[in-house]
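Participant: Give me a model of this one.
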Amino acid sequence: MKDEIKFVVCLKNTDYPASLELHKIYQVIADEKIEADGEIRVVDESGEDYIYPADWFVAVEVPVVVKNSLLKAA
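Facilitator: Residues are numbered from 1 along each chain as shown. Prediction:
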C-alpha cells in the first residue's frame, strides 16, 4: 500500500546524536527518488523530516495500537 505509514529503528547516528537516538523508532516519509540513491527520509528529533543514509535504519512492523501511539507522540 503506497500511503501506508512506515517506521524504522535507528542503528547508527554518526555525526547526528542530537537528531537521531540509537534504537528509537522513527516515522518514514516516502520519497522514491532519494530511496533509489540509498537514502531515507525520516522525521527525526527536531520533528522535521530529513534525509539520512538508509543503512542506518531497519524497517519494523508495529501493531496498530503502537502505530497510533507513535503518531500521536509526533
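Participant: Can you check which helix is longest in the chain?
Facilitator: Criterion DSSP state H: the longest helix present in the chain is helix 64-73.
Participant: wait, isn't Ile25 in contact with Val9?
Facilitator: Yes - using C-beta atoms under 8 Å, Ile25 makes contact with Val9 at a distance of 5.6 Å. The way it works is simple: take the backbone N, C-alpha and C, and place the C-beta from them, glycine included.
Participant: related to what we said a few turns ago, could you give the mean pLDDT of the longest helix of the chain?
Facilitator: Helix 64-73 shows a mean pLDDT of 84.
Participant: same question, stretch 32-39
Facilitator: 95.
Participant: List of residues touching that stretch?
Facilitator: Ile40, Arg41, Ile51, Tyr52, Pro53, Ala54, Asp55 (C-beta atoms under 8 Å, 6 or more residues apart in numbering).
Participant: The fourth one against Tyr26, yeah?
Facilitator: No - assessed by C-beta under 8 Å, Tyr52 is found out of contact with Tyr26, at 9.2 Å.
Participant: intersection of neighbour lists for the two?
Facilitator: Common neighbours of Tyr52 and Tyr26 (C-beta under 8 Å, 6+ apart) are Leu20, Val42, Asp44.
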